[in-house]
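Student: Structure for the following, please:
(2 chains)
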Number of protein chains: 2
Amino acid sequence: MSENSKKRVIIIGSGLVGSLCACFMAQRGYQVEVYEKRGDIRAGKEIRGRSINLALSHRGRNALRLVGLEEEILQAAIPMEGRLLHTTSGELKSVLYDPSFNQCIFSVGRNHLNKKLLEATQKFSNIELYFEHTLTGCDFDNGTVSLLKLSLFSLKTSEESQRSADFIIGADGAYSKLRLSMQQVPQFQYSQQYIEHGYLELCIPAKRSHLMEPNHLHIWPRGTFMMIALPNQDSSWTVTLFMPFTIFEKLTDKAEILNFFKDTFPDTLDLLGREHIVETFLNTKPSQLISIKCSPYHVGSKFMIIGDAAHAVVPFYGQGMNAGFEDCVFLNDLLDKNKDDFELTIKDYSKLRLKNTHGISDLSMYNYLEMRDLVNTVGFRVRKSLDHFLYRIFPSTWIPLYNSVSFSTMEYQECIENRKWQDKVLRQVFIAIGIFLALFIYFIGLKIIP
Amino acid sequence: MSENSKKRVIIIGSGLVGSLCACFMAQRGYQVEVYEKRGDIRAGKEIRGRSINLALSHRGRNALRLVGLEEEILQAAIPMEGRLLHTTSGELKSVLYDPSFNQCIFSVGRNHLNKKLLEATQKFSNIELYFEHTLTGCDFDNGTVSLLKLSLFSLKTSEESQRSADFIIGADGAYSKLRLSMQQVPQFQYSQQYIEHGYLELCIPAKRSHLMEPNHLHIWPRGTFMMIALPNQDSSWTVTLFMPFTIFEKLTDKAEILNFFKDTFPDTLDLLGREHIVETFLNTKPSQLISIKCSPYHVGSKFMIIGDAAHAVVPFYGQGMNAGFEDCVFLNDLLDKNKDDFELTIKDYSKLRLKNTHGISDLSMYNYLEMRDLVNTVGFRVRKSLDHFLYRIFPSTWIPLYNSVSFSTMEYQECIENRKWQDKVLRQVFIAIGIFLALFIYFIGLKIIP
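Tutor: Predicted structure coming up:
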């Protein structure tokens, strides 16, 4: 019996990050218990209240590869080579993500991916899954968690139990119960920010999907708000409208809703169907978007949080899941480096991961502006062309921001610093060109006017 | 029976702000229930874990006056006319708070003040106090709270009860349970920031108080940290050392502690007593300092938070309690204005109070720098003299920042804007003087060198 097989790990949450993390921990030989408050999604219905599809990019793929799942997931994913911008007058403009090397991101179904990850956990004999178990408390000193088993289908009173482990990982999402407990520990810095925009999901049915240009992430950028569409495996498209709550609140009857669509997204009226639009608006409350930053990511020597529990971001860079998956890789690498010493690892994790996750949080906020507004500007397109021109000449030096974030495992913080360096270089080059031209014109002038 | 006597208000917390708020609400004629998790401090020991004395200034006095308590409280308070700075070499320098009009702030004992406020509640037949009742949950839709009665002295199981009211006010401090529930409501913005400095309280006994210059707030400013002393009613002084945790952590044995005091606060060794210093350091963990900002201050139509629960600040402006007391006045005024309509009032309260409480939060953070470092600089003292010179000439226009915060009820936000305006005016005047002098010297030069 190896040393690692005596080590016991509890993971709270069997969502995307929780179940992937379980695989990583099981690969290391630990005894893993996963507690999930929901029922088993493999048996039941779709998870509600979360976005239906996600953009899988390099970091996420890298993590899936390490647990042997990348190929299987990509088979059911739909490549998106670029953004397809829809103007109000119905014109289309394709902006490739990577005109230099044709890399693309992939649309994957949240539910499908979660099911595959849960199935993967079942290949490990050292993972036990417990559904319908809610975290009700933590004892940070003793390394125990209290869990409430919800007896949904019986008349028995719910049972509370205590579980202890050497290592307890909260992967219980943006509204993490574990984080809520950590928040009450001194020196835990925490901020939650709801943005003033919400979102509503609509659907273009498969029967009308031939009208949508395939292999793109469609965007209807409208300055202060935007609509996007991602393809689903069943040929339908999930359409998400991101918009200030103040505008949502004004659209309260059929006429107003349809007029709003006629004015701002006229080409989608037939795609989505008028009835579907009106019905969705009248029966659904737009969902909230929360951004969470906290520090550190651990308490004591046994407890830590990863994924959305540690750093929920707004969805505009498509990096929420990718960053969460990368957390698992990062944690796994640190356990290698520290020879499975948990205490050392979680301290290192907090110290080294923080600036990167805070970085992607800021980038995600910024990218909403880019997607809904900047993509429409000439300056943005010229800069993108210039970046890719230089990228082709200096592929290892001049990596454009979107590429470093989505198509590399460069640390997020480094992506940001890299972009700042590029900005600085370009500024200096432009100044030099300006001075050169001024001098050139001056000497020409001297020649012409003796 | 008046309309108001049918209205039921629940206040969570019978600390300084909770008990004062109860008086205000009872004055309006409402039926008030106050639930406090601790026991009755009038019967028992001191409250531990909180600073012992507080600086009462204009806003706090104003609130106490409105419930008829100002005089009684001031009788047991000790006026502090200015800061007395102690240099490392033992020199003393007095810097008056208000050299223009001799206004002062007052040192009051937290416990004494709290007892007086609790006694004041007992003069109202429409206030009921419940001690040892902890808030365990809120139902924001139905306006009910769940409370757990702790049966400390019996073997009975603790009883949980539900209470409903028309208006529920959380005055349960920086670690507010009510706020924790509100935090889980969409669109509740929240941040908690622990600063990297902690504090330790020491005591100069009454028998040595003749060695301390009276009627001052003593400060030992040392750049990155500081020690302060406030007088107590029993002639002793409470001394508080504010310092980075990293320095506290290094002082682990007697020799180190005494050497540290010899180097940085040599004049306090005899005042505090070497044994008392060493004993306090070795047996006490330095306390944390937390700053909390959130928005809004209400949820739904019935729940709101005030005082530290809404805006815990670091203690360096001496405004935490004063701002909390002002909250009660502000709430009371709004209830007047809105004719006791709770729903309207709590919405107005959130909207109108926020920028001021966020303002005092920032000012409090800034004032740590001023107290521990800037007070030592020539620039600071020249500016203070200049401000007071102008204040005497234009008493209603040129109110220095400290005066507007501590000796007026000007809105905190206005205090900050006022200071920014003063900075701007001074800058322009200095530029004008500079230009004038330059021209003057130029023309003198023309005369001298023909």
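Student: State the phi and psi torsions of A:Asn102.
Tutor: phi 60, psi 30 (degrees, to the nearest 10).
Student: Now for it: which residues touch it?
Tutor: For A:Asn102, the contacting residues are A:81, A:96, taking C-beta atoms under 8 Å, 6 or more residues apart in numbering or on different chains as the criterion. C-beta here means a position set from N, CA and C on the backbone, and glycine is covered the same way.
Student: Likewise for A:Phe242?
Tutor: Contact partners of A:Phe242, counting by C-beta under 8 Å, 6+ apart, are A:197-199, A:225-228, A:289, A:316, A:368, A:372.
Student: Out of these, list just those in helices.
Tutor: Using DSSP state H, A:368, A:372 are the members of the contacts of A:Phe242 that sit in helices.
Student: out of the contacts of A:Phe242, who's nearest chain B?
Tutor: Distance to chain B across the contacts of A:Phe242 (C-beta to the nearest C-beta) is lowest for A:Gly198, with 9.0 Å.
Student: For A:Asn4, grab the count of nearby residues.
Tutor: 15 (other C-beta atoms under 10 Å in any protein chain shown).
Student: quick one: the closest residue to it other than its chain neighbours from chain B, how far?
Tutor: Spatial nearest neighbour of A:Asn4, excluding adjacent residues (C-beta to C-beta, 6 or more residues apart in numbering or on different chains): A:Gly29 at 3.6 Å. Distance, A:Gly29 to chain B, using C-beta to the nearest C-beta, to the nearest Å: 36 Å.
Student: ok, now A:Cys415?
Tutor: From A:Cys415 across to chain B, the span is 25 Å (C-beta to the nearest C-beta).
Student: try A:Thr134
Tutor: In this structure, A:Thr134 lies at 14 Å from chain B, with C-beta to the nearest C-beta as the measure.
Student: which residues sit in contact with that residue?
Tutor: Applying C-beta under 8 Å, 6+ apart as the definition, the contact partners of A:Thr134 turn out to be A:37, A:147-148, A:150, A:177.
Student: now with 7 Å?
Tutor: The neighbourhood of A:Thr134, defined by C-beta atoms under 7 Å, 6 or more residues apart in numbering or on different chains, consists of A:37, A:147-148, A:150.
Student: What's the per-residue pLDDT of it here?
Tutor: A:Thr134 is assigned a pLDDT of 94 by the prediction.
Student: same deal with A:Ala229?
Tutor: Each residue has a pLDDT score; the one for A:Ala229 is 96.
Student: Which of the three states applies to the nearest residue to it once chain neighbours are set aside?
Tutor: In space, A:Ala229 comes closest to A:His218 once its chain neighbours are excluded; the distance is 4.0 Å by C-beta to C-beta, 6+ apart. Under the three-state scheme (DSSP: H, G, I helix; E, B strand; the rest coil), A:His218 adopts strand.
Student: What residues does the stretch 101-250 of chain A have near chain B?
Tutor: Proximity of the stretch 101-250 of chain A to chain B (C-beta under 7 Å from any C-beta of the partner chain) is limited to residues A:186-187, A:189-194.
Student: Figure out the helix or strand that A:Leu64 lives in.
Tutor: For A:Leu64, the enclosing helix or strand under DSSP states H and E is helix A:58-66.
Student: Give me the contacts around that helix.
Tutor: Counting by C-beta under 7 Å, 6+ apart, helix A:58-66 makes contact with A:20, A:70, A:73, A:321-323, A:325-326, A:328-329, A:406-409, all of which sit outside it.
Student: In helices, which of those residues fall?
Tutor: In this view, the contacts of helix A:58-66 that belong to helices under DSSP H are A:20, A:70, A:73, A:321-323, A:325-326, A:328-329, A:406.
Student: Quickly find the element holding A:Phe440.
Tutor: Per DSSP H and E, A:Phe440 falls inside helix A:412-448.
Student: how about that helix: buried residues?
Tutor: Within helix A:412-448, the residues that qualify as buried by neighbour count (16 or more other C-beta atoms under 10 Å in any protein chain shown) are A:412-413, A:415-416, A:418-419, A:422.
Student: now, among the residues you listed, which is nearest to B:Leu271?
Tutor: Comparing these against B:Leu271 with C-beta to C-beta places A:Gln413 closest, at 48.5 Å.
Student: want to throw the residues of the stretch 101-250 of chain A next to chain B into JSON lines with neighbour count and secondary structure?
Tutor: Compiled in JSON lines, those are given as follows (neighbours: other C-beta atoms under 10 Å in any protein chain shown; DSSP: H, G, I helix; E, B strand; the rest coil):
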{"residue": "A:Pro186", "neighbour count": "13", "secondary structure": "coil"}
{"residue": "A:Gln187", "neighbour count": "14", "secondary structure": "coil"}
{"residue": "A:Gln189", "neighbour count": "15", "secondary structure": "strand"}
{"residue": "A:Tyr190", "neighbour count": "20", "secondary structure": "strand"}
{"residue": "A:Ser191", "neighbour count": "16", "secondary structure": "strand"}
{"residue": "A:Gln192", "neighbour count": "22", "secondary structure": "strand"}
{"residue": "A:Gln193", "neighbour count": "18", "secondary structure": "strand"}
{"residue": "A:Tyr194", "neighbour count": "19", "secondary structure": "strand"}
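Student: Could you check the angle the helix or strand encompassing A:Arg381 makes with helix A:412-448?
Tutor: Taking DSSP H and E as the criterion, A:Arg381 maps to helix A:378-393. Helix A:378-393 and helix A:412-448 are oriented at 100 degrees to each other (axes from the mean of the first three to the mean of the last three C-alpha atoms, to 10 degrees).
Student: And helix A:378-393, what's buried?
Tutor: Those buried within helix A:378-393 under the rule 16+ other C-beta under 10 Å are A:383-384, A:387-388, A:390-391.
Student: again, but for stretch A:264-280
Tutor: Of the residues in stretch A:264-280, those scored as buried under the neighbour-count criterion (16+ other C-beta under 10 Å) are A:264-265, A:267-268, A:271-273, A:277-278, A:280.
Student: Of the contacts of A:Thr134, just the buried ones, ChimeraX syntax please.
Tutor: Applying 16+ other C-beta under 10 Å to these, the buried members can be selected in ChimeraX as follows:
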select /A:37,147,148
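Student: which one of the contacts of A:Thr134 is nearest A:His210?
Tutor: Nearest to A:His210 out of the contacts of A:Thr134 is A:Lys37 (C-beta to C-beta; 40.7 Å).
Student: re the thing from before, just the buried residues of the ones in helices among the contacts of helix A:58-66.
Tutor: Among the ones in helices among the contacts of helix A:58-66, those buried by neighbour count (16+ other C-beta under 10 Å) are A:20, A:70, A:73, A:321-323, A:325-326, A:328-329, A:406.
Student: With pLDDT and distance to A:Tyr297 as new columns, can the residues you listed be given to me in a markdown table?
Tutor: Formatted as a markdown table, these follow (pLDDT from 0 to 100; distance: C-beta to C-beta, whole Å):
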| residue | pLDDT | distance to A:Tyr297 |
| --- | --- | --- |
| A:Leu20 | 98 | 17 |
| A:Glu70 | 97 | 26 |
| A:Ile73 | 96 | 26 |
| A:Met321 | 97 | 18 |
| A:Asn322 | 97 | 17 |
| A:Ala323 | 97 | 13 |
| A:Phe325 | 98 | 16 |
| A:Glu326 | 98 | 13 |
| A:Cys328 | 98 | 13 |
| A:Val329 | 98 | 15 |
| A:Ser406 | 95 | 24 |
